[in-house]
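K.L.:
Structure for this input, please:
(2 chains)
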Amino acid sequence: MNSIALPHPNYVEARRQHGQDDDPRGSVMRIDAVPFRLVSGAELPEVTVAYQTYGTLNANKSNAVLICHALTLDQHVANPHPITGKEGWWESAVGPGRIIDTNRFYVICANVLGGCLGTTGPKEINPSTGREWGIDFPVITIGDMVRLQAAFLDQLGIPDLFCVIGGSMGGMQVLDWAARYPERVFSAIPVATTARHSAQNIAFHEVGRQAIMADPEWRGGSYYGGPGPKAGLSVARMAAHITYLSEAGLHAKFGRKLQNREALTFGFDADFQIESYLRHQGSTFVDRFDANSYLYITRAMDYFDLAADYGGLLANAFKGTKARFCVASFTSDWLYPTAESRAIVHALNAVAAAVSFVEFETDKGHDAFLLDVPEFYDVLRGFIGAAAEKRGL
Amino acid sequence: MATREADIRARDVRVDLLEIGRMIEPGSRVLDIGCGDGDLLYHLVHDRRVDARGMELTREGVNACVARGLSVVQGDADRDLVDYPTGAFDYAVLSQTLQAMRDTRAGLEQMLRIGKRAIVSFPNFGYWRVRMQLLFKGRMPDTETLEYPWYNTPNIHLCTIRDFIELCDDLGITIERFLAVDAGGKRSRRVHSTRRANLMAEQALFLLAFNGERDDSGAPVYR
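P.N.:
Okay, the predicted model is just below:
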């Protein structure tokens, strides 16, 4: 298997400090409402959700914030990662006194369905065979992820959410939440996202999947116990990573600079810094991510077309919503460009929803949603602060 | 509410914005087109209990508004008004932005499609000081409301009060109220003669409605 059984020392120490050192994998909840029926019609006989929480739920349970994570991220938003030991992926925004203030809000993030950090997914055990699911795991959708989060929140005893926030695939979940459970969402912040995957989005994902499946070590998805399709997953990550950056950003950071050498080597070594960087991204990714999870989650994203679930008209998805929305995009994001966010805004306008929309100027590409873009953080702070005031928090 | 009045005074809300606020009943749905830093929106939402939204071209303006807790969408009035549904708002407001639109007539038409009523304010090019500058100096006017030099002004479609009234007539738009406002937005007054206002008013404030024929979607059929 992989290294989840051996959590990083930073993570162990962080949990010890929080008095949680009894459970090195973090909090895990077995869902009672099983079998869990999926959009495809398939059923999961058992479902487990791995999650992290920060802060305290107030007496009237009105201060819960759900953070929805992106494709390759996980529930470790604001604590060291159990495998890499690196700080949480959104620690710059989540924590005491930060934008998503854990002194004020009860912040929840759960590993998505199909994920590989504790929530039920293809690398977990299929109860009917006693072996890993592999590609016998049913194909899931963004809607399934959201429905599981709702079941999980039911079990946590949280009736509704002060805020649902997420970028990229997390933003898709935010939109699905607002559409599916309008009465449970007070405010919604979909960032750098889209209401449907474009042909180009699907194309890039298909390249990644084919890279994984072309690796002989993939073994039809039954690679557990072996080395696994590291080369394939690494290439998938490299290709995807390019889509998270911008041409201008790449140029500024790497240009044609050479990697630890004075001249070209006339070979296929990583002569250029960008090559070395991508290889590093690929090789570190395989240590923390399951290849089959990558297949399933990218598929879920490709299947995402919110309007299609509501008679082909996106506005129908948000009809009657009382939620306050803050839609954000970034100028250099060509994966989910601003036009996709505008389509969401038009739909929200059409149903007279309270929506704000800002496009932020940055050369950081799609990845900007994870970075401390000061204007973006200012707007988040303003929006969340005003919403909290409205909610009486 | 005494505290509310004191708060308005403390914030020094411009008189023309207060006048716009008075034209709008509490609880109405309002779209402020070209809302800038959100001064009018803030006044409507906080002092007048109006459900107000904004559209603003500049990123800085939108950021400022959202940081103040206002619902504002980044957009271009010339391009994005068509995306709003017919009758979505009780009022569409265009405060000091009319003269900067590329297609003023289309913008006005869109406002009375989106809003049941429209509120429009603009600098009056018929104001006597403007006329004097052209007549005696032979120069493009430089006044408090028209402060940009001719070569880089955003004000590309300036008009007089009479011009605007004529456009409304042409489109079949009804003028329900009209106010003359001075340059700093400090004083406003009811004016009975638009001819006199065309000479004396530095800025104009109109409340408009469309009472004519509408198509199946409820959109006005303009003349």
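K.L.:
And the helices in chain B?
P.N.:
Along chain B, the stretches classed as helices by DSSP state H are B:2-11, B:15-23, B:39-42, B:59-67, B:77-80, B:104-114, B:128-132, B:161-171, B:194-200.
K.L.:
In terms of helices and strands, where is A:Ser187?
P.N.:
Using DSSP states H and E, A:Ser187 falls within strand A:185-191.
K.L.:
got the buried residues for stretch A:129-141?
P.N.:
Neighbour counts over stretch A:129-141 (16 or more other Cβ atoms under 10 Å in any protein chain shown) mark A:Glu132, A:Trp133, A:Gly134, A:Phe137, A:Pro138, A:Val139, A:Ile140, A:Thr141 as buried. Using the backbone N, CA and C atoms, a C-beta is placed for each residue, glycine as well.
K.L.:
Which residue is the nearest non-sequential neighbour of the fourth one?
P.N.:
What that stands for is A:Phe137. Among residues not flanking A:Phe137 along the chain, A:Pro122 sits closest, at 4.0 Å (Cβ to Cβ, 6 or more residues apart in numbering or on different chains).
K.L.:
Equivalent analysis for the fifth one, please.
P.N.:
Once flanking residues are discounted, A:Pro138 sits nearest to A:Ala42: 3.5 Å by Cβ to Cβ, 6+ apart.
K.L.:
Any idea how many residues pack against that neighbour?
P.N.:
For A:Ala42, the count of nearby residues is 14 (other Cβ atoms under 10 Å in any protein chain shown).
K.L.:
ok so, going back, now, the buried residues of stretch A:129-141 that are in strands?
P.N.:
If you go by DSSP state E, the buried residues of stretch A:129-141 have A:Glu132 in strands.
K.L.:
just the buried residues of stretch A:129-141 now: which is nearest A:Phe318?
P.N.:
Nearest to A:Phe318 among the buried residues of stretch A:129-141 is A:Thr141, at 18.7 Å by Cβ to Cβ.
K.L.:
quick one: contacts for the closest one?
P.N.:
Contacts for A:Thr141 (Cβ atoms under 8 Å, 6 or more residues apart in numbering or on different chains) come out as A:Leu38, A:Val39, A:Ser40, A:Ala300, A:Tyr303, A:Phe304.
K.L.:
got it, and B:Gly36?
P.N.:
B:Gly36 neighbours (Cβ under 8 Å, 6+ apart): B:Glu56, B:Gly61.
K.L.:
Could I get the phi/psi values of the residue in chain B positioned nearest to chain A?
P.N.:
Proximity to chain A, evaluated over chain B using Cβ to the nearest Cβ, is greatest for B:Gly69 at 2.5 Å. Dihedral pair for B:Gly69: phi 90, psi 10, per degrees, to the nearest 10.
K.L.:
what about residue 31, neighbour count?
P.N.:
Since no chain was named, I'll use chain A. By other Cβ under 10 Å, the residues close to A:Ile31 number 18.
K.L.:
ah, I was thinking of chain B
P.N.:
25.
K.L.:
What of A:Asp363?
P.N.:
A:Asp363: 17 neighbours (other Cβ under 10 Å).
K.L.:
Same check on A:Gln281?
P.N.:
Residues near A:Gln281, counting by other Cβ under 10 Å, number 16.
K.L.:
just checking, what packs against the helix or strand where it lies?
P.N.:
Per DSSP H and E, A:Gln281 falls inside helix A:273-288. Judged by 3 or more Cβ pairs under 8 Å, 6 or more residues apart in numbering or on different chains; DSSP states H and E, the packing partners of helix A:273-288 are helix A:230-244.
K.L.:
pLDDT averaged over the helix it packs on, what's the number?
P.N.:
The pLDDT scores in helix A:230-244 average 98.
K.L.:
what angle sits between it and helix A:273-288?
P.N.:
If you take axes from the mean of the first three to the mean of the last three Cα atoms, to 10 degrees, helix A:230-244 sits at 120 degrees to helix A:273-288.
K.L.:
Dump helix A:230-244 to CSV, restricted to CA.
P.N.:
Provided in CSV are the C-alpha atoms of helix A:230-244 (Å, rounded to 0.1, in the frame of the first residue of the first chain):
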residue,chain,number,x,y,z
LYS,A,230,4.1,5.8,-10.8
ALA,A,231,5.5,6.9,-14.2
GLY,A,232,2.0,7.2,-15.6
LEU,A,233,0.6,9.1,-12.6
SER,A,234,3.6,11.3,-12.7
VAL,A,235,3.1,12.2,-16.4
ALA,A,236,-0.6,12.9,-15.7
ARG,A,237,0.4,15.3,-13.0
MET,A,238,3.0,17.0,-15.1
ALA,A,239,0.5,17.6,-18.0
ALA,A,240,-2.2,18.8,-15.5
HIS,A,241,0.2,21.0,-13.7
ILE,A,242,0.9,23.0,-16.9
THR,A,243,-2.8,23.8,-17.1
TYR,A,244,-2.7,25.2,-13.5
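K.L.:
Can you list the helices and strands that it packs against?
P.N.:
With contacts taken as 3+ Cβ pairs under 8 Å, 6+ apart, helix A:230-244 sits against helix A:199-214, helix A:273-288, helix A:291-303.
K.L.:
Sounds good, over and out.
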